[in-house]
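Colleague: The following block contains a protein sequence and its predicted model.
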Amino acid sequence: MTRDAGPDAPAAVLFDMDGTLVDSEKLWTIALADYARHRGGELTDATREAMVGSNMTRSMMMLLADIGVPDPDAEVDAAATWVADRMAELFRNGLPWRPGAPEALRAVRDLGVPAALVTSTIRSLTEMALETLGRDNFDVTVCGDEVGGRNKPHPEPYLKAARLLGVDPASCVAIEDSPTGVASAEAAGCTVIAIPCEVPLQPGPRRVLRDSLTDVDFATLGALFTRAA
Ligand SMILES: [Mg+2]
């Protein structure tokens, strides 16, 4: 049962996935480190941190350069396939929620506003994650291989979600955990609830920092537009 969201409610809530709804960034770290070792290298903390929130191609280019592969362009597709296969194994073993994430999805549904999943992760892995997240919790889903290469921090993923929902991105609240994702949502014009997971986040315009999804009052999201302005 939904209720009238009211004039102050956002037009939609746009959720990032990895690190925001599910604690999958740690699984990405395992898969990426496994690949680096498979190639005789080591994933450094600095490179891993720079990848958080990025799409597969960009992440793999960084990793291949980091471990000294002479021609990353020639190997990026094979490397991405290897890591996607490893991630699928890890996803199958269970995908842990971030604190408050199931309640947050339910609260947005109860609010009666549309919800989108806006992820840099490819469709095939996202479909596995949706088994945990619940397909019915989202009106649209936008994946990293569905934005014409214009991945976060480019605004296109969030712009596309807003287009699909038929709403103004400036009237949407995005929820993100990474600097790359926050930059994407802000460039699209969204107000952002920034909840750091693996990487610290700084305050900024139209950005509301929270420690956890459990600290977000979804019933009063509309107030964020004036508070964060
Ligand atoms: Mg994320």
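Modeller: Here it is on my side, so go on.

Colleague: what about the nearest residue to Val22 once chain neighbours are set aside, distance to Leu224?
Modeller: Excluding its sequence neighbours, the residue lying closest to Val22 (CB to CB, 6 or more residues apart in numbering) is Leu95, at 5.0 Å. Heads up, the C-betas are built off the backbone N, CA and C, glycines and all. Distance, Leu95 to Leu224, by CB to CB, to the nearest Å: 28 Å.

Colleague: just Asp23 next, same as before
Modeller: Asp23 sits 24 Å away from Leu224, going by CB to CB.

Colleague: Contact residues of the chain facing the ion?
Modeller: Contact residues, the chain versus the ion (CB under 5 Å from the ion): 16, 18-19, 53, 177-178, 181.

Colleague: which one in those residues is the model shakiest on?
Modeller: Ranked by pLDDT, the residues of the chain next to the ion bottom out at Gly53, which has 82.

Colleague: Assumed that residue was part of a helix.
Modeller: No. Counting by DSSP: H, G, I helix; E, B strand; the rest coil, Gly53 is located in no helix; its state is coil.

Colleague: Next, count neighbours for the residue in the chain that the ion sits nearest to.
Modeller: Here the chain gets closest to the ion at one residue, Gly19, 3.7 Å apart by CB to the ion. Using other CB atoms under 10 Å, Gly19 is surrounded by 23 other residues.

Colleague: wait, isn't it in contact with Thr180?
Modeller: No. Gly19 is beyond contact range of Thr180, at 10.4 Å (criterion: CB atoms under 8 Å).

Colleague: Identify the contacts common to these two.
Modeller: When contacts are counted by CB atoms under 8 Å, 6 or more residues apart in numbering, Gly19 and Thr180 have 52-53 as shared neighbours.

Colleague: quick one: the residue lying farthest from the centre of the chain from Val76, how far?
Modeller: Largest separation from the mean C-alpha position in the chain: Pro70, at 30.5 Å (CA atoms, centre = their mean). Between Pro70 and Val76 the computed distance is 13 Å (CB to CB).

Colleague: Could you do Ala162 as well?
Modeller: Per CB to CB, Ala162 is found 30 Å from Val76.

Colleague: Please say which of these two ends up with more neighbours.
Modeller: Using other CB under 10 Å as the criterion, Ala162 and Val76 rank with Ala162 on top: 28 against 19.

Colleague: can you tell me the helix or strand for the more buried one?
Modeller: Ala162 belongs to helix 156-165 when assigned by DSSP states H and E.

Colleague: same for that helix, what does it pack against?
Modeller: Helix 156-165 sits against strand 12-15, strand 115-118, strand 140-142, strand 172-176, helix 179-187, with contacts defined as 3 or more CB pairs under 8 Å, 6 or more residues apart in numbering; DSSP states H and E.

Colleague: Buried residues of that helix, list them for me.
Modeller: For helix 156-165, burial by neighbour count (16 or more other CB atoms under 10 Å) applies to 156-162, 165.

Colleague: ok, those residues vs Ser171, which is closest?
Modeller: When those are ranked by distance to Ser171 (CB to CB), Ala162 comes first, at 8.6 Å.
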